[in-house]
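> the following block contains a protein sequence and its predicted model.
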Amino acid sequence: MSRAPNYEFQEWWNKQREKNNLDPFQDNSDQPNSPSFHSIDVDTGGGGGGAVSVEKDRARSARQLSWVWLLRFQQIAGSLAWISNGLVILVRTANRRIITSPRADSASSRLYRVIRVFLVVVILLLGFEMVAYFKGWHFRPPSVGSADLMGMVGIVYARWIQIRADYLAPPLQSLANLCTVLFLVQTVDRIVLILGCFWIKFRRIKPVASVDYETNVENGGVDVEDYPMVLVQIPMCNEKEVYQQSIGAVCILDWPKEKMLVQVLDDSDEVDTQQLIKAEVQKWQQRGIRIIYRHRLIRTGYKAGNLKSAMSCDYVKDYEFVAIFDADFQPTPDFLKKAVPYFKGNDDLALVQTRWAFVNKDENLLTRLQNVNLSFHFEVEQQVNGVFINFFGFNGTAGVWRIKALEESGGWLERTTVEDMDIAVRAHLCGWKFIFLNDVKCLCELPETYEAYKKQQHRWHSGPMQLFRLCFVDILRSKVSWAKKANLIFLFFLLRKLILPFYSFTLFCIILPLTMFLPEAELPAWVVCYLPGIMSILSVLPAPRSFPFIVPYLLFENTMSVTKFNAMISGLFRFGSSYEWVVTKKLGRSSEADLVAFGNESEPLMRSTSLHRSSSDSGIEELSKLELSKKTAKPKRNRLYRKELALAFILLTASVRSLLSAQGIHFYFLLFQGISFLVVGLDLIGEQVS
């Protein structure tokens, strides 16, 4: 059956022919910009049935067209409603967090003012460049000589091109080249560390202990009298969420009770927290554990002052080693039996550091990204430095120190907020050696909110700069070899603590956006994309399960560069915020489960003694007090971070400029990096506590 003739197309074609005055049967090849038509054959058909078919076809086409447009309008309306709803939620979230955001410190305010001025400049430059774009000057920019024909705007734009080419682009290009060189040096250092880690795994290199305390005494193992005296310290401050699990884990350590003493060093200024911790200590005392509770009335020196005060006790001289655990750390029962044997026969060994394992590494995106970073730190940095140079920075917890080494190195000092790194550097300069045990893990908790993580990173990056300024002369005057001095100064401090946050922030947050507005200064695509990609792949290798998060990890590390850069500057120039110690808040994710586990493991101990159960033995009373304190506490809220938001708008503005210039890789990097800053600035990463 033949197809019905399409009269609608014929009428449309006749109108177009009359409009353009063209004859389809006439050759129009001589006329410019006119198509050449030779013939059109339209089958008009015959009979009256054609008119009926035309009417049906017209009706069917009209209905189909109306339904199509109705569907499109519905899709557009849905998209607009989704966008408007998202904007409303975004504005409400920003407004709520602006109201609840605390005042920033002086150093942070200075940096924010600089970033805000930078934001105003790039917005003005973008407006100027958009005017030039719509005038077509992106194809052929005006020169100073020909700008008179283009009016005042052309003259100003021509002068601007001359100024940026002669005066602004050269210093920016020099700074970009410097940061690129630093980036390459950092990449080489990371590659060397990865190769060292592969070599350790290939040759199966690991420390060997000369004694095995895990062998049963009945099977001819080590006699109880041969166990050394170990002091276990738990420094804490207002740790009401995790104090029970930490004390419980330490009290069930598999070590002769007469050879171990537990010190709970409480710096809490909250009375209810003090009472809870004291009741927990009394509970374990009634179970036969040698544990004491110490509380300082004046919290001077923070954690360093707390440890220093505890080491001044007279009974410390009876102990040979001291194990330190922060309040959220949960050592396994065989921790001491795995760590202490390495001291036997190694009289020059000062520290045995174990690896951290995280109970909440899969809780949210923030904890997953932290796990990537810390896995590289322990698996690669700590292990390689421990094997090849017998030195690394003490992590402040989950380690065992020889008390003699602490005393000969000067003990705990209160001069910085990184007392753990301070004592490690001083012990290394005195000739002591360190061992890292990668196969011995101690459970702990990662900060789940961005506020807690940000404060932790600020202390971790401002403290090393304080320490470097204080001990630089001591390193030069020390009696260690020049190779160890060079390692301390150039690798341990400068490259990994100063250069890394400097080039990361300067290159990706300052130079890259500026090169979009000063195209005479060029940043190659391999610096923007390929080199960061290599660095991210190397960082994720120790945590292969985190490979799906490699792109968020890259973007988040660049986002954190503003916090690390600000902390580094604060510590280097002794701003007030560099001496601030804020305890990293924990949520106690595994507290309830650990309480049950500790109760089960301690039941045999309870049955073997004739001690009476205290009123708080089951933990019900402590838990009820804890829940009551949680209800009466001030509710937490997510914050708004001004520096991150300002940098987000800077990067997004630069991405628009990059789009106008059709720079593909730069545009995508700026766009996604700007979105990353926006998400972090609105505190939309990590645990939402509002």
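Nice, thanks for sending it over.
> for stretch 294-301, buried residues please.
294, 296, 301 (16 or more other Cβ atoms under 10 Å). From N, CA and C alone the C-beta is placed, and that goes for glycine too.
> which one of these is nearest Gly345?
Set against Gly345, the nearest of the buried residues of stretch 294-301 by Cβ to Cβ is Arg294 (33.3 Å).
> verify the assumption that the closest one is located in a helix.
No. Read with DSSP: H, G, I helix; E, B strand; the rest coil, Arg294 is strand and lies in no helix.
> quick one: contacts for it?
263-266, 309-310 (Cβ atoms under 8 Å, 6 or more residues apart in numbering).
> which residues in the protein form strands?
In the chain, the strands defined using DSSP state E lie at 230-236, 260-266, 291-295, 321-324, 349-358, 399-402, 433-444.
> any idea how far Phe183 is from Gln263?
Applying Cβ to Cβ, to the nearest Å, the value for Phe183 to Gln263 is 45 Å.
> looking at these two, which has the bigger crowd around it?
Neighbour totals were compared for Phe183 and Gln263, and Gln263 leads with 25 against 20 (other Cβ atoms under 10 Å).
> in contact with the more buried one, which residues?
231-234, 291-292, 294, 310.
> just to revisit the earlier point, looking at the strands of the chain, which is nearest to Tyr167?
Distance to Tyr167, taken as Cβ to Cβ, is lowest for strand 349-358 among the strands of the chain, at 50.5 Å.
> now that closest one against strand 433-444, angle please.
30 degrees (axes from the mean of the first three to the mean of the last three Cα atoms, to 10 degrees).
> buried residues in strand 349-358?
In terms of neighbour count (16+ other Cβ under 10 Å), strand 349-358 has its buried residues at 349-358.
> now do that strand: which elements does it pack against?
The contact analysis (3 or more Cβ pairs under 8 Å, 6 or more residues apart in numbering; DSSP states H and E) places strand 349-358 against helix 335-339, helix 365-376, strand 399-402, helix 403-408, helix 419-429, strand 433-444.
> again, only this time at 10 Å
With contacts taken as 3 or more Cβ pairs under 10 Å, 6 or more residues apart in numbering; DSSP states H and E, strand 349-358 sits against strand 321-324, helix 335-339, helix 365-376, helix 383-388, strand 399-402, helix 403-408, helix 419-429, strand 433-444.
> report how many residues lie close to His138.
Considering only other Cβ under 10 Å, His138 is surrounded by 13 other residues.
> is it in contact with Ile161, as I believe?
No. His138 lies out of contact with Ile161 (Cβ atoms under 10 Å); the separation is 11.5 Å.
> can you pull the residues that touch both of these two?
Ala132 (Cβ atoms under 10 Å, 6 or more residues apart in numbering).
> of the contacts of Gln263, buried ones?
Buried members of the contacts of Gln263, counted by 16+ other Cβ under 10 Å: 231-234, 291, 294, 310.
> now the residues you listed as a markdown table including distance to Thr367 and pLDDT?
Below are these laid out as a markdown table (distance: Cβ to Cβ, whole Å; pLDDT from 0 to 100):
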| residue | distance to Thr367 | pLDDT |
| --- | --- | --- |
| Leu231 | 32 | 97 |
| Val232 | 27 | 97 |
| Gln233 | 27 | 97 |
| Ile234 | 23 | 96 |
| Ile291 | 31 | 96 |
| Arg294 | 32 | 95 |
| Ala310 | 31 | 95 |
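> tally of neighbours for Trp284?
Trp284: 23 neighbours (other Cβ under 10 Å).
> state the pLDDT value of it.
Note on Trp284: pLDDT of 96.
> and it, how far from Leu413?
31 Å.
> and what of Leu652?
As judged by Cβ to Cβ, Leu652 and Leu413 stand 45 Å apart.
> kindly report the same for Phe388.
The value you get for Phe388 to Leu413, if Cβ to Cβ is used, is 28 Å.
> these two: which has the busier surroundings?
Taking neighbours as other Cβ under 10 Å, Phe388 and Leu413 compare with Leu413 leading, 17 against 12.
> which phi and psi does that one have?
As for Leu413, its main-chain torsions (degrees, to the nearest 10) stand at phi -110, psi 150.
> would you confirm that it contacts Met311?
No. In this structure Leu413 lies outside contact range of Met311 using Cβ under 10 Å: 11.9 Å.
> could I get the contacts of Gln263 as a markdown table with distance to Ala543?
As requested, the contacts of Gln263 are arranged in a markdown table below (distance: Cβ to Cβ, whole Å):
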| residue | distance to Ala543 |
| --- | --- |
| Leu231 | 34 |
| Val232 | 30 |
| Gln233 | 30 |
| Ile234 | 28 |
| Ile291 | 36 |
| Ile292 | 39 |
| Arg294 | 38 |
| Ala310 | 35 |
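> just the closest of those residues to Leu678, please.
Using Cβ to Cβ, Ile234 is the member of these that lies nearest Leu678, at 40.2 Å.
> neighbours around Asn373, how many?
With other Cβ under 10 Å as criterion, Asn373 counts 17.
> and it, how far is that from Leu651?
Distance of Asn373 to Leu651, given as Cβ to Cβ: 22 Å.
> any weak-confidence spans in the stretch 501-650 of the chain?
Counting by pLDDT under 70, the stretch 501-650 of the chain shows low-confidence ranges at 576-581, 585, 587, 589-638.
> mind listing the helices for it?
Secondary structure of the stretch 501-650 of the chain (DSSP state H, counting those that start in this stretch): helices at 512-517, 525, 531-540, 550-572, 591-607, 620-632, 642-660.
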